[in-house]
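Enquirer: Predicted structure and sequence below. I'll ask about it afterward.
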Amino acid sequence: MHKILVIEDERDIADLIGFNLQRAGYSVIKAHDGLTGTEVAMKERPDLIVLDLMLPGRDGYGVFRELRRDPRSVSIPVIMLTARAQTEDRIQGLEAGADDYLTKPFSPKELMLRVQAVLKRSDAPPGSVDFSHGPFRFDKNALKFYLEGEPVDLTATEFKLLLFLCERAGKQQDRNDLLRTVWGYSDEVHSRTLDTHMKRLRQKLGPHGALIETVRGIGYCVATVSE
Ligand code: CA
């Protein structure tokens, strides 16, 4: 059973989210402020975190930065909750590397779709084996990634994105195909997210980040390598 941590100070909303997640078969933990939320995340290591941005004490961005800094929580997927008026918040959240976002008010159905899509990304694909491409090795069972034999922390989204490109090395991948494959849908905000994820991936890959090529007007391509 997947365990989901909901960090939201408005108890009505936290309860509503918790209720719907539990009804869908997930195990739910709740925290009502940023500091507690961060501590619970480290201790419980949930499979997914639903994180509200407006929190007392440490706000959602602060929590998110902390989560991404700590090896215990660096790869836990995060769905951010933002208020409708705060478009900039949403964009900032995605650029900070959140896996997805939901705008309040949202329907339980929307929430479930996002949760399922994000969790699906973190689950090991069937018939898993290792896959290697040049200096990259993907352990599909454990969702672990190695660069020249050294483990590198990738989020589930980054892992899936890079694996998808490497398995199709030498072939240009259309942005919309990438978005639909990895996020499950393609729209303008997610399109920006794709570029942010690519930027972060390249940073994590150091000099090997150059293997990811931007194909202007189309999308991305991972270069072939001679074995
Ligand atoms: Ca709040």
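Expert: Received, thanks.
Enquirer: The helix or strand hosting residue 197 - what's its average pLDDT?
Expert: Element membership for residue 197, per DSSP states H and E: helix 188-205. Helix 188-205 shows an average pLDDT of 87 in the prediction.
Enquirer: before we move on, what about stretch 211-218?
Expert: For stretch 211-218, mean pLDDT rounds to 94.
Enquirer: Leaving out the residues flanking it, which one is nearest to residue 121?
Expert: Nearest residue to residue 121, sequence neighbours excluded (Cβ to Cβ, 6 or more residues apart in numbering): residue 156, at 4.7 Å. C-beta: built from backbone N, CA, C; applies to glycine.
Enquirer: neighbours around the one you found, how many?
Expert: Residues near residue 156, counting by other Cβ atoms under 10 Å, number 21.
Enquirer: Also residue 200?
Expert: Residue 200: 19 neighbours (other Cβ under 10 Å).
Enquirer: distance of it from residue 49?
Expert: Residue 200 sits 18 Å away from residue 49, going by Cβ to Cβ, to the nearest Å.
Enquirer: tell me which helix or strand of the protein sits lowest on mean pLDDT?
Expert: Least confident helix or strand, the chain: helix 87-95 with a mean of 67, by mean pLDDT, DSSP states H and E.
Enquirer: Now name the helix or strand holding residue 151.
Expert: strand 150-152.
Enquirer: Please list all residues in contact with the residue nearest the centre of the chain.
Expert: Centroid-nearest residue in the chain: residue 99, 2.9 Å away (criterion: Cα atoms, centre = their mean). For residue 99, the contact set (Cβ atoms under 8 Å, 6 or more residues apart in numbering) comprises 77, 78, 79, 118, 121, 155, 156, 157.
Enquirer: quick one: the fourth one is in a helix?
Expert: Yes: remark: residue 118 belongs to a helix, assigned using DSSP: H, G, I helix; E, B strand; the rest coil.
Enquirer: Isn't it up against residue 77?
Expert: Yes: shown here, residue 118 and residue 77 form a contact pair, counting by Cβ atoms under 8 Å, at 4.8 Å.
Enquirer: For those two, list the residues in contact with both.
Expert: Common neighbours of residue 118 and residue 77 (Cβ under 8 Å, 6+ apart) are 48, 99, 156, 157.
Enquirer: Also near the ion: which of those residues, exactly?
Expert: With Cβ under 5 Å from the ion as the criterion, the shared contacts of residue 118 and residue 77 include none near the ion.
Enquirer: Go through these and name the one nearest residue 111.
Expert: Nearest to residue 111 out of the shared contacts of residue 118 and residue 77 is residue 48 (Cβ to Cβ; 11.3 Å).
Enquirer: Could you check how far the closest one is from residue 144?
Expert: Plainly put, residue 48 is 18 Å away from residue 144 if you go by Cβ to Cβ.
Enquirer: In terms of neighbours, single out the busier of these two.
Expert: For residue 48 versus residue 144, neighbours defined as other Cβ under 10 Å are more numerous around residue 48 (24 against 16).
Enquirer: ok, so what distance separates residue 205 from residue 176?
Expert: Counting by Cβ to Cβ, the gap from residue 205 to residue 176 is 24 Å.
Enquirer: more neighbours, these two?
Expert: Taking other Cβ under 10 Å, residue 205 and residue 176 do not tie; residue 205 has more neighbours (20 against 16).
Enquirer: Residue 17 versus the closest residue to that one other than its chain neighbours, what's the distance?
Expert: Setting aside the residues directly before and after it, residue 205 is nearest to residue 147 in space (Cβ to Cβ, 6+ apart), at 6.4 Å. Between residue 147 and residue 17 the computed distance is 37 Å (Cβ to Cβ).
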